[in-house]
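Undergrad: pasting a predicted model and its sequence here:
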Amino acid sequence: MKKIITSILCPPMSVCRYGCGTNCAAPISVFWLAGIVAVIYSFFGGPTAQEGIDLYTLALGLAIWGIAAVWALLTMSGVEEDRCNGIFSPLSGKVAPGEDESDPLDEIRKAH
């Protein structure tokens with residue numbers, strides 16, 4: 001439950017803390033910050049400079065924030081699946097070389 005709440009409130013922190021997905025933290029941060037800026041901008045009238053809150057900009061900001069939260073949750077679930085060596089895990093696709101196999105680079109070394 002702690003992971004879900006952190007993902008909703010601060011998606012980049014949840015990815016870095018719980019998901020070890022530091023490669024996804026930067027783009028998630030961009031979406032999250034864009035959502036925050038859009039929400040704050042909507043309270044000042046948005047791009048139309050209307051009186052009060054611009055509901056379209058507010059909806060856009062919340063949608064962008066939601067995309068960042070869902071992305072963080074998907075990233076964390078993917079990392080957890082890799083830790084458990086699931087069916088689609090890249091860790092299960094690695095093949096360890098056998099002891100009797102020769103080094104493929106030996107042929108290149110012999111040629112030169």
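TA: Great, that's in hand. Numbering: from 1, shown residues only.

Undergrad: could you say what helices and strands the host helix or strand of Thr6 packs with?
TA: Per DSSP states H and E, Thr6 falls inside helix 2-9. Packing partners of helix 2-9 (3 or more Cβ pairs under 8 Å, 6 or more residues apart in numbering; DSSP states H and E): helix 11-14, helix 55-83. Yep, even glycine has a C-beta here, placed from its N, CA and C like the rest.

Undergrad: in the helix or strand following the shortest one, what's buried?
TA: Spelled out, that is helix 11-14. Using DSSP H and E, the helix or strand that follows helix 11-14 towards the C-terminus is helix 22-43. Across helix 22-43, burial judged by 16 or more other Cβ atoms under 10 Å covers Cys24, Ala25, Ile28, Ser29, Phe31, Trp32, Ala34, Gly35, Ala38, Val39, Tyr41, Ser42.

Undergrad: now, which of those sits nearest Pro12?
TA: Distances from Pro12 to the buried residues of helix 22-43, taken as Cβ to Cβ, are shortest for Ser29 (4.2 Å).

Undergrad: show the contacting residues for the closest one.
TA: Pro11, Pro12, Ala68 (Cβ atoms under 8 Å, 6 or more residues apart in numbering).

Undergrad: how far away is it from Arg109?
TA: 46 Å (Cβ to Cβ, to the nearest Å).
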